[in-house]
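Chemist: Sequence plus the predicted model coming up.
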Amino acid sequence: MAVYQHDVVVVGAGLAGMRATLAAIQKGADVAMITKVHPVRSHSNAAQGGINAALTSRGDDWDEHAYETVKGSDYLGDQDAIEVMCQEAGAAIIELEHMGVIFNRDEDGRLGTRRFGGQQRARTFHVADITGQAMLHVLYEQILKVRARVYEEWFVTSLVLDDNKAVRGVVAIELMTGQLHLIKAKAVILCTGGTGRVYEPSTNGLIVTADGQALAYAVGASVMDMEMVQYHPTTLMGNGVLITEAARGEGAYLVNKDGDRFMQKYAPNFMELASRDVVSRSEQTEINEGRGVDGCVLLDLRHLGRELIETKLSYINEVALDFANVNLAEQPLPIRPGNHYEMGGIKTDVNGRTPVAGLYAAGECACVSVHGGNRLGANSLLDTIIFGRRAGDAAAADAKETGEVKVSDSVISIDRDAIKNLMDRNPTSDTPAKIRLEMGKAMNEGVAVFRDEAGMQRALHTVRELRERFTGLGVHDKGQVFNTNLIFALEVGFMLETAETICIGAIARKESRGAHFRTDYPNRDDENFLKHTVVTKGPSGPVITYSPVTVTKWKPQVRSY
Amino acid sequence: MRVTLDIGRFNPDAPNAKPYRQEFILEVEEYYTVLDSLIYVREYEDPTLAVRCSCRASICGSCAMRVNGHASLGCKTKLISVMDKDGRVRVDPVGNMPRVKDLVWDMKPFWDKIRAVDPFLQPEGPEPEEEYIASPESMLHLVGVMGCIMCGACVSDCTVLEVDENFLGPAALAKAYRFTGDPRDGKTKERLKELNEYSGIWDCTRCMECVQACPKGVAPMERIMALRDKTIAAGIRNTNGARHAEAVSDFVKKSGKLDELRLVPRTYGMFNPMSLNSLFAAIPVGLRALRRGKLPPIIPHKVEGKENLQAVRRIFDKVEGKK
Ligand SMILES: Cc1cc2nc3c(=O)[nH]c(=O)nc-3n(C[C@H](O)[C@H](O)[C@H](O)COP(=O)(O)OP(=O)(O)OC[C@H]3O[C@@H](n4cnc5c(N)ncnc54)[C@H](O)[C@@H]3O)c2cc1C
Ligand code: SF4
Ligand code: SF4
Ligand code: FES
């Protein structure tokens, strides 16, 4: 065991984590970034389409961006937070450009945009269809430039509390050696990403396992609006891999088996570019009513022409060919709604602060809340950049005011014992993989695009049963070096904990709003449910409370596209 | 569909740890990739199997490995395209990098070389208030290099790295190109001077392995060639590298093959007093090459068959005629 000490520890090296790290370093703090995979392997990579911003110098209006975000959120987003995000967006894009992101240009050599769903104006900045990757690699370049301290391939197993119940560090396993380390800090920022693998299938990578949500929940922080799980309208049948919304932004059609552009029925104005919840529900309705093709509908790009497809959408062109054997210039691609994004997360203010002293969160694992009931495409990269920076600033400032960290080195023994138990237990026929698969399928059946009481109760029941089984789980791999079997078991523990909060939040919300659509309560109910679901760990299980939504200038209205 | 996965394994925790091979016979779906089948093994056959992976969609760069001896991404390689007639596929960790466990390799040497090329934008002069103005073509061109996911497949199969671990290698040089090709960068000349040094752009033998291995169409070798052109165009000349290029082209023109043994003195200059030092510096490389059975022949070979040699010369005529 080794003990380390820093002012600020950032857990996660996706866009939010790296932005937070750079900000805290700039504020003069001694910062370490801890990540379970090498930074450029983080899932921010997968973002294809782009990042939204209203550049006011170019005649766009951040107020309009904010309004569309509020409307997209089905009025569950906090409007003060949304205003902060949209107002700061333009400067953030310019900053990214100055760091080296090679955003696409227009003919004059200035930044070019494309249109994304739920918005009238083209305000999505992008790097072909590899925006996330291009941004992630450039932020990592900046991390190398400032020689930031990175503990890579270290897996955080728990947060450490001092006697006053403030978070003052983390415990982590170093994968290469299997050693457990204590990293003390005055402030810890969680930037651990989403919850994708709680579902099967999902567009998310295998490492997106809700670790941060569970870590924070375990030390008394709350998770908020977890029931708001986004299903993306265009995912591949086999493995759930994503086809970016940019395809529709560039003009692709959605058609059913009769060749009809069915969005005409559901969203006559926005058509294919309505909000994601709306498009996903429309597709699912077509499929359920027998107008699908093998459980899918079709995404048709043929009229866009080979050249556009090969230059602006080259990555999905590659993906469609590799995984679906479809040549986009010649054939329509079967797609269906699939799990994609968690709007909810660790409850924070606009500076990333949680109610637990010393604990901060940003990026997809946090809930500020700017996405409310439904996130607009290309708003989440923006979320990571804006609130990553703000959390880094706040944590560095607070760390300056914080006295010596008082935690005993022996706290590590709690994790050591838990891991030893897992390692010593003889494995049964139950494996982490089996448990995760059963959970994923149950969630995808019960808490998906269309929900009802009975289905959600079934999912919750399965999750609770699996938690029982999990307590008896052992790992096969008894080795020290790169024991992914052990890591996977720990991740499954995190996911089960998080899955429960999703289910109970969903069951308690007896209305339909954003991504949460209940066939037994098909209408939005502002009178009773214009409020955030807040779940906190109680002595005998999760406790639900509610907190008000901040409304500044946009009164809730009927939402139509 | 039935597949036999023949996996090169290594468990560093075992007493007297030695690499070994293990076969798994699986019933899988036709659309399975090599990575899908490895995940299947890990989940249902042997949870101790170590392999890095995340995105399953060739974007995170985790899963570079050798499939039937050639580096590629496990998640981009369909089983069906690599199985032999008996349904066998051989999987090994990447080459040219130290092994950690099973298919997991040590990334440190890889990233050390990326670090060595100052991989960040270094603009000159005051920052503009808004964005830098850059032509759409210049940015689109860079997307091709920015597509690099740092997977290491190219480095795995680079033939020069096999004998000279000092070579910066295809990934780092492609990364360097990304900055010299960026109209916003102000350090192009300094960068080119650096890359012009020993173990830089001139050490590539143009074997094409990196172009073949790269799953993202980055074509590192072509970037390296473009860097050479830029270096010469920038007037950075009369260096070992440029001399090396001249010597290589001479040898190949004469014999159709590379006379690697005579390349070193030619490169450093036969009568250059520095040459002796450089020759000594090159000795370890030679010894390593010898150990691996890669030392070039003392008596230079010629390409077999007169026709082939003529074909090589025709290429030269064509290329030189064009200039
Ligand atoms: C396929 C796909 C396409 C998308 N396209 C877009 C788009 O076009 N536009 C848009 O705005 N959004 C898009 N999104 C959403 C967006 O990409 C993500 O929400 C965002 O990138 C999340 O960033 P993050 O920094 O919060 O987390 P991530 O990038 O997921 O990073 C999480 C980090 O936490 C680390 N970590 C996690 N757990 C631990 C632990 N226990 N110990 C140590 N480290 C840990 C990981 O190693 C990783 O570094 C897309 C998402 C997907 C899946
Ligand atoms: S072409 Fe050059 S860089 Fe590429 S693999 Fe061959 S020697 Fe290495
Ligand atoms: S150049 Fe290609 S093969 Fe090499 S690291 Fe980059 S993506 Fe991988
Ligand atoms: S798993 Fe991400 S590149 Fe293969």
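Modeler: That came in fine, so what should we check first? Ligands and ions are numbered 1, 2, ... in the order given.
Chemist: The strand or helix carrying residue A:500 vs chain B: in contact?
Modeler: If you go by DSSP states H and E, residue A:500 is part of helix A:484-508. Yes. Against chain B, helix A:484-508 shows contacts by CB under 8 Å from any CB of the partner chain at A:484-485, A:488. Placement of C-beta: from N, CA and C, glycine included.
Chemist: Who are the packing partners of that helix?
Modeler: strand A:154-161, helix A:211-218, helix A:412-424, helix A:432-446, helix A:453-470, strand A:531-538, strand A:541-548 (3 or more CB pairs under 8 Å, 6 or more residues apart in numbering or on different chains; DSSP states H and E).
Chemist: Run the angle between it and helix A:453-470 for me.
Modeler: On the basis of axes from the mean of the first three to the mean of the last three CA atoms, to 10 degrees, helix A:484-508 is oriented at 150 degrees to helix A:453-470.
Chemist: What residue spans form the domains of chain B?
Modeler: Domain segmentation of chain B under automatic domain parsing yields B:2-105, B:110-233, B:240-319.
Chemist: Quick one: the residues of helix A:484-508 next to chain B as CSV, columns for pLDDT and neighbour count too.
Modeler: Output for the residues of helix A:484-508 next to chain B, formatted as CSV (pLDDT from 0 to 100; neighbours: other CB atoms under 10 Å in any protein chain shown):
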residue, pLDDT, neighbour count
A:484, 96, 23
A:485, 96, 25
A:488, 97, 21
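Chemist: before we move on, which element is the residue of the stretch 101-250 of chain A at minimum distance from ligand 2 in?
Modeler: Closest to ligand 2 within the stretch 101-250 of chain A is residue A:137: 20.3 Å, counting by CB to the nearest ligand atom. Assigned by DSSP H and E, residue A:137 belongs to helix A:131-145.
Chemist: right, is that helix up against ligand 1?
Modeler: Yes. Interface with ligand 1: helix A:131-145 contributes A:131-132 (CB under 6 Å from any ligand atom).
Chemist: Would you point to the one among the helices and strands packed on helix A:484-508 that's packed deepest?
Modeler: helix A:211-218 (a mean of 26; mean count of other CB atoms under 10 Å in any protein chain shown).
Chemist: could you give the angle of that helix to strand A:154-161?
Modeler: 20 degrees.
Chemist: Mind listing what's buried along the helix holding residue A:500?
Modeler: For helix A:484-508, the neighbour count (16 or more other CB atoms under 10 Å in any protein chain shown) marks A:484-507 as buried.
Chemist: so which of those also contact ligand 2?
Modeler: Within the buried residues of helix A:484-508, nothing lies near ligand 2 by CB under 6 Å from any ligand atom.
Chemist: could I get the domains of chain B as CSV with distance to residue A:432 and mean neighbour count?
Modeler: Listed next are these as CSV, based on distance: least, CB to CB, whole Å; neighbours: other CB atoms under 10 Å in any protein chain shown:
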stretch, distance to residue A:432, mean neighbour count
domain B:2-105, 8, 19
domain B:110-233, 26, 20
domain B:240-319, 41, 14
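Chemist: Ligand 3: which of those is closest?
Modeler: domain B:110-233 (3.2 Å).
Chemist: so does that closest one get close to ligand 3?
Modeler: Yes. Residues of domain B:110-233 contacting ligand 3 under CB under 6 Å from any ligand atom: B:148-154, B:170-171, B:174, B:213-214, B:216, B:218, B:220.
Chemist: for those, which one is nearest residue A:444?
Modeler: residue B:149 (28.7 Å; CB to CB).
Chemist: To which secondary structure element is the residue of the stretch 301-450 of chain A found nearest ligand 2 assigned?
Modeler: The minimum distance from the stretch 301-450 of chain A to ligand 2, using CB to the nearest ligand atom, falls at residue A:318 (21.8 Å). Secondary-structure element containing residue A:318, defined by DSSP H and E: helix A:314-324.
Chemist: Show me what that helix packs onto, helices and strands only.
Modeler: Secondary-structure packing of helix A:314-324 (3+ CB pairs under 8 Å, 6+ apart): strand A:229-236, strand A:333-342.
Chemist: shaky segments in chain B?
Modeler: Applying pLDDT under 70 to chain B flags the ranges B:238-323.
Chemist: quick one: the helices in it?
Modeler: Using DSSP state H, the helices of chain B run over B:34-40, B:79-82, B:108-116, B:136-146, B:153-157, B:159-163, B:169-180, B:188-195, B:209-213, B:220-233, B:240-255, B:260-268, B:273-291, B:306-322.
Chemist: any chance of the helices and strands packed on helix A:314-324 in CSV, with mean neighbour count, distance to residue B:58 and mean pLDDT too?
Modeler: What follows is these, written out as CSV (neighbours: other CB atoms under 10 Å in any protein chain shown; distance: least, CB to CB, whole Å; pLDDT from 0 to 100):
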stretch, mean neighbour count, distance to residue B:58, mean pLDDT
strand A:229-236, 27, 13, 96
strand A:333-342, 25, 17, 96
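Chemist: For chain B, which of these is the nearest?
Modeler: strand A:229-236 (9.1 Å; CB to the nearest CB).
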